[in-house]
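[1] Kindly generate the corresponding structure for this input.
(one chain, ligands or ions: 1)
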Amino acid sequence: MILLDSCPICKKKNLKKKLNCIDHSASNEEFTIVSCGTCDFVFTNPRPKDENLTHYYNSNNYISHANLSSGLFNWTYQRIRAFAIKLKISLLKSVSKKGHHLDIGCGTGEFLNACRNVGFNTQGIEPSDIARSQAINNYNLSVSKSTNLKQFNESQFDSISMWHVLEHIPNLNQMLADINRVLSKKGKLIIAVPNLKSWDARHYKEYWAAWDVPIHLWHFSKETLVKLLNKHGFKKVKQKAMIFDAFYVSALSEEYKNGSKNLIKSFAIGIISNLSGIFTKNGHSSTIYVFEKK
Ligand SMILES: [Zn+2]
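    Have a look, this model is predicted:
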């Protein structure tokens, strides 16, 4: 295990325990989440060593990589995911010209394939062997295994996306510094992350599925994400709610808390969370942010 003794955003050693969470999807081990008393950044601490993290991904529940189609829940998940890809493409097209696009953590490649279909020149990164081979075999995409951006040239990409990926990246500051290097001067960086201030997060507390310890190493609010990106030379230019995530996360959270997805109840909680996202400053369950260089 690795214990961080200072905050990765502000470097202060003012860390306080926030809550304990169980890894419900793979190991059933308990992990502690801390918050920085100076800048409010929240992260899993201690966390497994980088080389041991893959062990915690070995779960049949990790359907974003596995493309399982059994059961109504997964069927609905797949249909919504197809629709969500269309929304992501229209967002990308609204902020970026059709140049070179890099998707970090591209999974099985559905989004990247859709990017290529609308005229982008595409490159993916996916460390999971199973997901990467599906992306390559199903769509003939260019996908590298290495997450080290030194493999790319300065200003090589006009747009970069990380869909629920930044919270998984161990070397957070190094990754963002490297992204700044490989992104063109007017390039756009799209980051989607769960929001720990959302209504569903506060309702489910330690059972909130998007804590997802220990594979979620970092837990963002809008404020801490923007602070981190500002530190790396980016400014926020746009944000968009991911309304489906509230339903998905609530169903998983119900399962962790009560042993069943309780689809009607979790649907109702998803509605409340989205209404709270619209009418309060708490924000939605997950949000997409678009950044550009300052
Ligand atoms: Zn801090």
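
[2] who's in contact with Asn171?
    In this structure, Asn171 makes contact with no residue, judged by CB atoms under 8 Å, 6 or more residues apart in numbering. C-beta coordinates here come from the backbone N, C-alpha and C atoms, glycine included.

[3] For the helix or strand hosting Phe291, enumerate the helices and strands it packs against.
    Phe291 is part of strand 286-293, with elements assigned from DSSP states H and E. When contacts are defined as 3 or more CB pairs under 8 Å, 6 or more residues apart in numbering; DSSP states H and E, strand 286-293 sits against helix 71-95, strand 183-194, helix 222-231, strand 234-241, helix 243-258.

[4] Export those as CSV, with columns for mean pLDDT.
    Formatted as CSV, the helices and strands packed on strand 286-293 follow (pLDDT from 0 to 100):
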stretch, mean pLDDT
helix 71-95, 89
strand 183-194, 98
helix 222-231, 98
strand 234-241, 97
helix 243-258, 94
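
[5] mind checking which of those is nearest the ion?
    Closest to the ion of the helices and strands packed on strand 286-293, according to CB to the ion: helix 222-231, at 8.2 Å.

[6] how about the closest one: buried residues?
    Within helix 222-231, the residues that count as buried by 16 or more other CB atoms under 10 Å are 222, 224-229.

[7] Also compute the angle for it relative to strand 234-241, please.
    150 degrees (axes from the mean of the first three to the mean of the last three CA atoms, to 10 degrees).

[8] Just the pLDDT for Gly105.
    Looking at Gly105, its pLDDT stands at 97.

[9] what's the neighbour count on it?
    Counted with other CB atoms under 10 Å, the neighbours of Gly105 add up to 21.

[10] what does His219 give?
    Neighbour tally, His219, other CB under 10 Å: 26.

[11] Against the ion, how distant is Gln156?
    Between Gln156 and the ion the computed distance is 32 Å (CB to the ion, to the nearest Å).

[12] OK, contacts around that residue?
    When contacts are counted by CB under 8 Å, 6+ apart, Gln156 touches 100, 102, 182, 184.
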